[in-house]
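K.L.:
Sharing a model prediction with you, sequence too.
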Amino acid sequence: MAAKSAKAVNGRARIPARSARGEKARDKLKQAAMVVLERVGYHKMRIADVTGEAGVAAGLFYHYFPDLKSLTLEVLEDFVASSHDIEDIEKDVPRGDWYERMLAHNLLIARAYAERPGITRCLLQMADEDPGFSRLLREHFIEQLGWLVKQMPRLFPEAGLTEHQALMVIYTLSGMGETLLRDYFVNRQPELTAGNLAVEEITELLTVMLYRGLFLQNPPVEKLRYTRNLQYMVRA
């Protein structure tokens with residue numbers, strides 16, 4: 001068995017691969033775990049499920065991972081870390097178009113929930129069970145919001161917002177969207193899913209509500225499809 005003195009992942013020792021071939025096998029196990037986690041979840045996953053999905057001998061597992069939790073945490077951490085590249089997210093967004101900027105960021109998040117509801121469920125479960133992973137998720141969420149938080153003083157110079165105030169405002173507005181995504185795609189709340197909305201419709205709703213909450217006005221109506229009638233939600 002390989003030594004367990006490798007670099008730590010979120011405070012946990014990682015068993016290293018000793019060669020390029022070994023690293024490939026290790027990645028193969030992680031990819032297999034992603035499939036199994038999506039299909040059955042963390043609590044029902046077995047080592048045999050992972051090695052079977054990867055097409056490798058069961059004994060190979062312990063050459064790279066001490067247990068299923070270590071594998072799961074590493075897979076989930078990789079999944080979380082892979083979804084934050086502002087330049088790539090906004091590559092097709094017209095300069096200065098705040099609605100489209102918000103839409104692009106929300107679409108990335110909504111697609112992750114829609115395409116990987118099982119993985120997202122695992123993220124939430126693991127956050128409840130592992131304090132270190134819970135902290136990582138919160139830090140990542142704050143990092144995701146950082147691009148907008150940094151713009152707040154420029155957008156609202158007369159407000160004199162501190163950095164902390166800006167974060168609290170954006171965290172509050174965005175947190176409501178996270179709740180909707182979780183209950184729609186992960187928990188499949190019947191009252192919410194009855195309308196059978198497409199990912200793009202959910203994303204538009206999230207973005208319109210964020211835009212309204214932040215700018216106290218409606219986004220350009222020509223950009224809207226599913227939520228066009230919300231322009232009439234204005235107090236007389």
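P.N.:
It's in. Here the structure is a predicted model, which means the values were calculated and not measured.

K.L.:
From here on, just use CA atoms for contacts and neighbour counts.
P.N.:
Noted.

K.L.:
What is the burial count for Leu137?
P.N.:
Leu137 has 20 neighbouring residues, counting by other C-alpha atoms under 10 Å.

K.L.:
same thing with Val75?
P.N.:
Neighbour count for Val75, taken as other C-alpha under 10 Å: 20.

K.L.:
do the same with Glu129
P.N.:
Other residues lying near Glu129 total 10 when counted by other C-alpha under 10 Å.

K.L.:
Next: Val149.
P.N.:
Neighbours around Val149, by other C-alpha under 10 Å: 20.

K.L.:
And it, how close does it get to Asn218?
P.N.:
Distance, Val149 to Asn218, by C-alpha to C-alpha, to the nearest Å: 20 Å.

K.L.:
now swap in Ala236 and tell me
P.N.:
Separation of Ala236 from Asn218 (C-alpha to C-alpha): 15 Å.

K.L.:
Compare those two (neighbour count), which wins?
P.N.:
Between Ala236 and Asn218, counted using other C-alpha under 10 Å, Asn218 has the larger neighbour count: 19 against 4.

K.L.:
and that one, which of the three is it?
P.N.:
Here Asn218 is recorded as coil under DSSP: H, G, I helix; E, B strand; the rest coil.

K.L.:
Check what pLDDT the closest residue to it other than its chain neighbours gets.
P.N.:
Sequence neighbours aside, Arg212 is the residue nearest to Asn218 in space, at 5.5 Å (criterion: C-alpha to C-alpha, 6 or more residues apart in numbering). Per-residue pLDDT puts Arg212 at 96.

K.L.:
give me the number of residues near Arg212?
P.N.:
For Arg212, the count of nearby residues is 15 (other C-alpha under 10 Å).

K.L.:
And Ala58, by the same measure?
P.N.:
Ala58: 14 neighbours (other C-alpha under 10 Å).

K.L.:
What helix or strand is Arg121 located in?
P.N.:
Element membership for Arg121, per DSSP states H and E: helix 117-129.

K.L.:
Okay, buried residues for the helix or strand following that helix please.
P.N.:
Next in sequence after helix 117-129, counting helices and strands by DSSP H and E, comes helix 131-149. Going by neighbour count (16 or more other C-alpha atoms under 10 Å), the buried part of helix 131-149 is 133-134, 136-137, 140-141, 144, 148-149.

K.L.:
Could you do stretch 111-123 as well?
P.N.:
Neighbour-count burial for stretch 111-123, with 16+ other C-alpha under 10 Å as criterion, is recorded at 111-114, 116-123.

K.L.:
Tell me which two in those are the farthest apart.
P.N.:
Distance extremes for the buried residues of stretch 111-123: the farthest pair is Arg111 and Cys122 at 16.3 Å, using C-alpha to C-alpha.
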